[in-house]
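Student: 3D model of this:
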Amino acid sequence: MNRFQKLILDRLNIWVAAILIGTNLFTWAGLLLTTPEPYVVDPIRDPEVVALLAYIRSGDHSGESWEVTLTELEAEQTITWYLHRYPQIPFAHPRIEITPDYVAGEGDATIAGLRVHVGGKARISLQEGLPVVEILELSLPLPGPIRQAIEVEIQRQLQRADRLPVRFSSAVWQEGEVTVRGVIR
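Tutor: Numbers count the residues shown, from 1 in each chain. Below you'll find the model as predicted:
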């Protein structure tokens, strides 16, 4: 056995550890380099949303109808406004795509201290005046059980819509915008 072979065999665990560490660093570098630049929009609440909320807070209502139309940009800006107002929500840089068949969204989530780009598609319908969301796709770089727990939590949060001061009567999904109608409770 020559000297080089003896050196490698005597320190095999060090070589294996060095290879694993190098592979890990290479993988993380690739992941960080492929993360897209954040999509940034101004945090502006849509004027129709502001007017509806002000009217609801005034208390001067009794079963009136309402209508709000949002474009993709207006939805992104309104979501960004709420995310700035509630910094404890670990999400930023929302990008929305509205089609007649689905609504797609993506952005950056902070998971375990790391910024991760996530996205998903959902079909939204109405039942008994409340939104029902069917998740079509969800791209989360997480193990299956954690991903399932997040999906369950999303559905649980959507059930909170029952506490809203409005009921939805219709939602018309078009390319790039949605028009929602309802009644103030």
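
Student: strands of the chain, residue ranges please.
Tutor: Shown for the chain, the strands assigned by DSSP state E span residues 65-71, 91-98, 103-111, 114-127, 130-139, 166-174, 177-184.

Student: any chance of those strands in TSV with mean neighbour count and mean pLDDT as columns?
Tutor: Where you see a C-beta, it was placed from the backbone N, CA and C, and this is true even at glycine. Output for those, formatted as TSV (neighbours: other CB atoms under 10 Å; pLDDT from 0 to 100):
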stretch	mean neighbour count	mean pLDDT
strand 65-71	15	96
strand 91-98	19	95
strand 103-111	18	89
strand 114-127	15	86
strand 130-139	14	84
strand 166-174	15	93
strand 177-184	17	95
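
Student: ok, which of the ones you listed comes nearest residue 58?
Tutor: Residue 58 lies closest to strand 177-184 among the strands of the chain, at 10.5 Å (CB to CB).

Student: list the helices and strands that closest one packs on?
Tutor: Applying 3 or more CB pairs under 8 Å, 6 or more residues apart in numbering; DSSP states H and E, one finds that strand 177-184 contacts strand 65-71, strand 166-174.

Student: parallel or antiparallel, which strands does that strand pair with?
Tutor: According to DSSP bridges, strand 177-184 has the following sheet partners: strand 65-71 (antiparallel), strand 166-174 (antiparallel).

Student: relative to strand 130-139, how tilted is it?
Tutor: In this structure, strand 177-184 runs at an angle of 150 degrees to strand 130-139, with axes from the mean of the first three to the mean of the last three CA atoms, to 10 degrees as the basis.

Student: what angle do strand 177-184 and strand 114-127 make?
Tutor: With the same axes, to 10 degrees as the criterion, the two stretches strand 177-184 and strand 114-127 enclose an angle of 60 degrees.

Student: show me what strand 177-184 is in contact with.
Tutor: Residues from elsewhere that reach strand 177-184 (CB atoms under 8 Å, 6 or more residues apart in numbering): 55-56, 61-72, 75, 98, 103, 129, 165-172.

Student: chain center to it: distance?
Tutor: What separates the centre of strand 177-184 from the centre of its chain is 21 Å, taken as CA atoms, centre = their mean, to the nearest Å.

Student: show me what contacts the residue lying closest to residue 161 once chain neighbours are set aside?
Tutor: Beyond its immediate neighbours in the sequence, the residue positioned closest to residue 161 (CB to CB, 6 or more residues apart in numbering) is residue 130, lying 4.9 Å away. When the contact criterion is CB under 8 Å, 6+ apart, the partners of residue 130 are 161, 162, 167, 168.

Student: related to what we said a few turns ago, any chance of CSV for the helices and strands packed on strand 177-184, columns distance to residue 135?
Tutor: Supplementary listing: these in CSV, determined by distance: least, CB to CB, whole Å:
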stretch, distance to residue 135
strand 65-71, 21
strand 166-174, 16
